[in-house]
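J.: Have a look; sequence and predicted model below, questions after that.
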Amino acid sequence: MATKLISKYNRYNLFFNFFILIIGAICFVLIIRWILISQLNQDLNQEKDEIEEYVDQKHSLPAPMSFKGQIVSYEEVKSTFKTKIQNEYRFVKDDHHEEKKFRIYRSIKFSIVLEGKIYSCKILRSQAETEDLLEIVVLCALGIGLIAFVAIFISNRFLFKKLWSPFQRTLSQLQSFKLSAQNTFIKEKTDILEFQQLNQVALDMTEQAKKEYNSLKDFTENASHEIQTPLAIIKTKLEMLMQSGNIRSTESEYIESAYEASIRLSRLNQSLLLLTKIENNQYQNTENVSLFEVTKHLLTQYSELVDNASIRLNVDYLEDKIVQMDSALVEIMIGNLIRNAIRHNIDDGFINISINKDSFVISNSGPTIEGSTDKLFDRFQKESTSSKSLGLGLAIVLKIVQKYHFKIHYLYQDGIHTIELKLV
């Protein structure tokens, strides 16, 4: 499933920013904690220096103490040792509660020599204030990070839309561009090099497409006209020969065969020209057309063919359907379906036509189609081997259906061919 560029960009951008935010927050907290611990270590070393200075001056140890998260204690030992600073974990009673609580202390332990005796002095200072301050810093960092995260998301969204607005306008022009309407592509003003290049390429492509379309259109019309003229001359000359009394029966058969071939070639030329015009969107007129009236008119035209083939015709007008189409294409579409049902019927067969607000359905009796029906609507695909069929009637119907975004379905069941046009 395709995803919009802005959505994909935001997804990657949010993930990347979130990752950077988390890494940055962790680093920030670690740096702040290191600074606070360093400050605490400095305070403990200062306390150590004060105790050593007191011993040098008073020749006695300061009194042990435990006050406001700081504990000073002494213990006689056998030998001196190096000063150590480390964390200690204790359960102590709170000033306002009887139960013990877990506390983290930072301690410094050093040796003092006094009157020939060696004492171990330990100073502990609670990290509660440090941890509280660190917690506040963490919360502030998360709050600032979250605000920055939201701000980046919103600003990126607006900036992205603003930066890509020339592209969106270019895309809108390309989507609405139609060769048959001879639209002119207008280059969007932008100072972004890539969009300038895109606009230039789009302009060149649309201009080239218009030139090729006009050339193809002119060639199709000219070729059709040039072919029709000699065909008309051939048909006229053959008709004159057929009316002449100076030809033998064998020659008459040859002339009649050539005349029928010329008529077939003329129909083929007209059908191919019609297909080309539909594909090139040369039918642009749109009006409200009644399927009931068009079908009624066409059945009147084909009544003689229906009677000659002894075909039973049943028409069921459940509800008239008004379509917004080119009236000529409506007649061609319905006319081809009716002619197809007449041509590929059987003796004493039937044709059923049903019209309602959503569909046009035509069904007829007829022989089984030779081969697969998957390509029934392809060009030069015939339902039978009848030499009278060009194999273009249903192809023209399909092109008209596709032009107006209708749907068409074919079904063969129990000797009945059914074609349904969905007109919604």
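T.: On my side now, so go ahead.

J.: how about the helices of the protein, start to end?
T.: When assigned using DSSP state H, the helices of the chain occupy the ranges 5-58, 128-176, 193-243, 249-279, 291-301, 303-308, 327-343, 393-403.

J.: would you list those helices in JSON lines and tack on distance to Val113 and mean pLDDT?
T.: In this view, the C-beta of every residue, glycine as well, is placed from N, C-alpha and C. Conversion of those to JSON lines gives the following (distance: least, CB to CB, whole Å; pLDDT from 0 to 100):
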{"stretch": "helix 5-58", "distance to Val113": "9", "mean pLDDT": "85"}
{"stretch": "helix 128-176", "distance to Val113": "32", "mean pLDDT": "83"}
{"stretch": "helix 193-243", "distance to Val113": "78", "mean pLDDT": "81"}
{"stretch": "helix 249-279", "distance to Val113": "107", "mean pLDDT": "76"}
{"stretch": "helix 291-301", "distance to Val113": "116", "mean pLDDT": "90"}
{"stretch": "helix 303-308", "distance to Val113": "131", "mean pLDDT": "87"}
{"stretch": "helix 327-343", "distance to Val113": "114", "mean pLDDT": "89"}
{"stretch": "helix 393-403", "distance to Val113": "104", "mean pLDDT": "86"}
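
J.: how about these, which one is nearest Ile353?
T.: helix 291-301 (6.5 Å; CB to CB).

J.: now the angle from that closest one to helix 327-343?
T.: Angle between the axes of helix 291-301 and helix 327-343 is 50 degrees (criterion: axes from the mean of the first three to the mean of the last three CA atoms, to 10 degrees).

J.: How much space separates Thr190 from Ser79?
T.: For Thr190, the distance to Ser79 under the criterion CB to CB, to the nearest Å works out to 81 Å.

J.: Those two: who's more crowded?
T.: Higher neighbour count among Thr190 and Ser79: Thr190, with 17 against 7, using other CB atoms under 10 Å.

J.: wait, the more buried one sits on Pro166?
T.: Yes. Thr190 is in contact with Pro166 according to CB atoms under 8 Å; the separation is 4.0 Å.

J.: where's His409 relative to Ile342, distance?
T.: Distance of His409 to Ile342, computed by CB to CB: 21 Å.

J.: Mind checking which of those two has more residues around it?
T.: For His409 versus Ile342, neighbours defined as other CB under 10 Å are more numerous around Ile342 (18 against 11).

J.: Any idea which of the helices of the chain gets closest to Asn356?
T.: It's helix 291-301; of the helices of the chain, that one is closest to Asn356 (CB to CB) at 9.6 Å.

J.: tell me what that closest one is packed against?
T.: In terms of contacts (3 or more CB pairs under 8 Å, 6 or more residues apart in numbering; DSSP states H and E), helix 291-301 is packed against strand 312-317, helix 327-343, strand 350-355.

J.: Relative to Arg11, which of the ones you listed is closest?
T.: Taking CB to CB, helix 327-343 is the member of the helices and strands packed on helix 291-301 nearest to Arg11, at 46.1 Å.

J.: what's in contact with the closest one?
T.: Counting by CB atoms under 8 Å, 6 or more residues apart in numbering, the neighbours of helix 327-343 from elsewhere in the structure are 274, 278, 283, 285, 287, 289, 291, 294-295, 297-299, 302, 305-306, 309, 311, 323, 351, 353, 360, 362-364, 366, 383, 386, 388-389, 393-394, 396-397, 400-401, 403, 417, 419, 421.

J.: Of those residues, keep whichever come out buried.
T.: Of all the contacts of helix 327-343 considered here, the ones buried according to neighbour count by 16 or more other CB atoms under 10 Å are 274, 278, 283, 289, 291, 294-295, 298-299, 302, 306, 311, 323, 351, 353, 360, 362-364, 366, 383, 389, 393-394, 396-397, 400-401, 403, 417, 419, 421.

J.: Indicate each strand paired with the strand ranked longest in the chain and its parallel or antiparallel sense.
T.: If you go by DSSP state E, the chain has its longest strand at strand 100-114. Strands adjacent to strand 100-114 in the sheet, as given by DSSP bridges, are strand 84-93 (antiparallel), strand 117-126 (antiparallel).

J.: any chance of these in JSON lines, plus distance to Arg103 and mean pLDDT?
T.: What follows is the strands paired with strand 100-114, written out as JSON lines (distance: least, CB to CB, whole Å; pLDDT from 0 to 100):
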{"stretch": "strand 84-93", "distance to Arg103": "5", "mean pLDDT": "76"}
{"stretch": "strand 117-126", "distance to Arg103": "6", "mean pLDDT": "88"}
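
J.: Deepest-packed of those strands, please.
T.: Across the strands paired with strand 100-114, the average number of neighbours (mean count of other CB atoms under 10 Å) peaks for strand 117-126, which reaches a mean of 18.

J.: okay, and the common contacts of Thr190 and Pro166?
T.: Shared contacts of Thr190 and Pro166, defined by CB under 8 Å, 6+ apart, comprise Asn199.

J.: got a list of contacts for stretch 232-246?
T.: Contact partners of stretch 232-246, identified using CB under 8 Å, 6+ apart, comprise 247, 252, 255-256, 258-259, 262-263, 266.

J.: and these, which are buried?
T.: For the contacts of stretch 232-246, buried by 16+ other CB under 10 Å: 255, 258-259, 262, 266.

J.: and of those residues, the nearest to Leu133?
T.: Using CB to CB as the measure, the one of the buried ones among the contacts of stretch 232-246 that approaches Leu133 most closely is Ser266, at 97.7 Å.

J.: pretty sure the closest one is touching Gln228, no?
T.: Yes. Proximity of Ser266 to Gln228 meets the contact threshold set by CB under 8 Å, at 6.9 Å.

J.: Make a markdown table from the buried ones among the contacts of stretch 232-246 and add distance to Ile71 to it.
T.: As requested, those are arranged in a markdown table below (distance: CB to CB, whole Å):
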| residue | distance to Ile71 |
| --- | --- |
| Ile255 | 130 |
| Ala258 | 124 |
| Tyr259 | 124 |
| Ser262 | 120 |
| Ser266 | 115 |
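
J.: Let me know the closest of the residues you listed to Cys121.
T.: For Cys121, the closest of those turns out to be Ser266, at 120.3 Å, with distances computed as CB to CB.

J.: which non-adjacent residue is nearest that closest one?
T.: Closest residue to Ser266 apart from its sequence neighbours, by CB to CB, 6 or more residues apart in numbering: Leu231 at 4.9 Å.

J.: count of residues packed around that neighbour?
T.: 15.

J.: The one 10 residues further on too?
T.: If you count neighbours by other CB under 10 Å, Leu241 ends up with 17.

J.: let's number from 395 now, not from 1
T.: Right, with 395 as the first residue, what we last looked at is Leu635.

J.: How much space separates it from Thr614?
T.: Computed as CB to CB, the Leu635 to Thr614 distance reads 32 Å.
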